[in-house]
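>>> Structure for this input, please:
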Amino acid sequence: MTISTRRPSLILAAALALELLAACSGPREYFSVLPDHDGKTGQMVVTPRQGTALTLDRTNASATVRGGEISPAKLSEAELKEMYREALSAQPMAPTRFLIYFVEGGDILTAESQRELDNVLAEIKKRPAPDLIVVDHTDRIGSVADNDRLALRRAEKVRSQLVAQGFSPESISASGRGEREPLVATADEIAEARNRRVEILVR
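Next comes the predicted model:
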């Protein structure tokens with residue numbers, strides 16, 4: 001029997017199917033396509049030793065193979081979660097990203113972002129050993145060189161706050177992109193609050 005997959009999102013689904021196959025002591029083998037963390041579904045082609053190959057290309061689509069013959073299987077979402085429970089529970093949490101914002105011209109968070117920071121830290125602490133990437137961006141007020149320095153200062157400040165919360169310094173990188181990657185395109189010397197941001201990527 002052979003299995004082929006398309007789209008990276010399906011690698012997990014194929015791995016789950018193979019894991020179940022290896023552990024299966026009965027005559028029936030199950031193959032299922034499960035969505036990735038973003039809810040996207042790829043494609044799996046299962047080719048038995050005899051008969052016609054079956055393509056699984058919908059979320060939660062499943063097939064069984066018995067005696068070398070393949071047939072579609074109708075399994076509910078609850079049944080799939082139970083069937084693949086151990087493998088699903090072993091998956092790492094999906095990467096996520098947080099945005100916090102600064103007041104113009106300095107490294108002070110806006111009042112709203114200062115309040116939100118506690119929620120961000122609580123979410124990050126749910127992960128056992130997170131890798132953190134801190135990247136700061138500025139608006140287009142000031143020179144490119146000044147904004148590069150400001151962006152790095154802000155990113156390093158957020159990194160220091162994360163370290164103070166107990167996260168390992170070795171697991172946190174900080175960098176500044178200045179005004180190069182705005183969320184909102186503006187002319188030079190235009191203040192735009194949404195561009196004065198730090199992105200915290202958690203993996």
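
>>> and R49, how far is that from T96?
From R49 across to T96, the span is 43 Å (Cβ to Cβ, to the nearest Å). From N, CA and C alone the C-beta is placed, and that goes for glycine too.

>>> So the two - more neighbours on which side?
Using other Cβ atoms under 10 Å as the criterion, R49 and T96 rank with T96 on top: 15 against 11.

>>> Now do the phi/psi pair for the more buried one.
The phi/psi pair for T96 (degrees, to the nearest 10) reads phi -140, psi 170.

>>> how far away is it from E123?
Where E123 is concerned, T96 sits at a distance of 7 Å (Cβ to Cβ).

>>> shared neighbours of these two, anything?
Counting by Cβ atoms under 8 Å, 6 or more residues apart in numbering, the shared contacts of T96 and E123 are V202.

>>> so who does the residue sitting nearest the centre point of the chain touch?
Nearest to the geometric centre of the chain sits P95, at 2.9 Å (Cα atoms, centre = their mean). P95 makes contact with L201, V202, R203, according to Cβ under 8 Å, 6+ apart.

>>> Roughly how far does the second one sit from P35?
What it means is V202. To P35, V202 is 21 Å away according to Cβ to Cβ.

>>> Span of stretch 79-93 from start to end?
One end of stretch 79-93 sits 22 Å from the other (Cα to Cα, to the nearest Å).

>>> What mean pLDDT does it get?
Per-residue pLDDT over stretch 79-93 has a mean of 81.

>>> how about it: buried residues?
Across stretch 79-93, burial judged by 16 or more other Cβ atoms under 10 Å covers L80, M83, Y84, A87.

>>> my guess is the second one contacts Y30, does it?
Yes: counting by Cβ atoms under 8 Å, M83 sits close enough to Y30 to count as a contact (6.7 Å).

>>> Report how many residues lie close to the nearest residue to E69 once chain neighbours are set aside.
Using Cβ to Cβ, 6 or more residues apart in numbering and skipping the chain neighbours, the partner closest in space to E69 is G51 (5.0 Å). G51 has 13 neighbours, counted by other Cβ under 10 Å.

>>> can you give me the strands in this protein?
2-6, 28-32, 43-47, 54-56, 62-66, 69-73, 96-101, 132-137, 172-176, 197-202 (DSSP state E).

>>> Relative to A145, which of the ones you listed is closest?
Closest to A145 of these is strand 172-176 (Cβ to Cβ; 11.4 Å).

>>> quick check: angle from the closest one to strand 197-202?
Inter-element angle recorded for strand 172-176 and strand 197-202: 150 degrees (by axes from the mean of the first three to the mean of the last three Cα atoms, to 10 degrees).

>>> Pull up the pairing partners for strand 172-176, direction included.
Using DSSP bridges, strand 172-176 pairs in its sheet with strand 132-137 (parallel).
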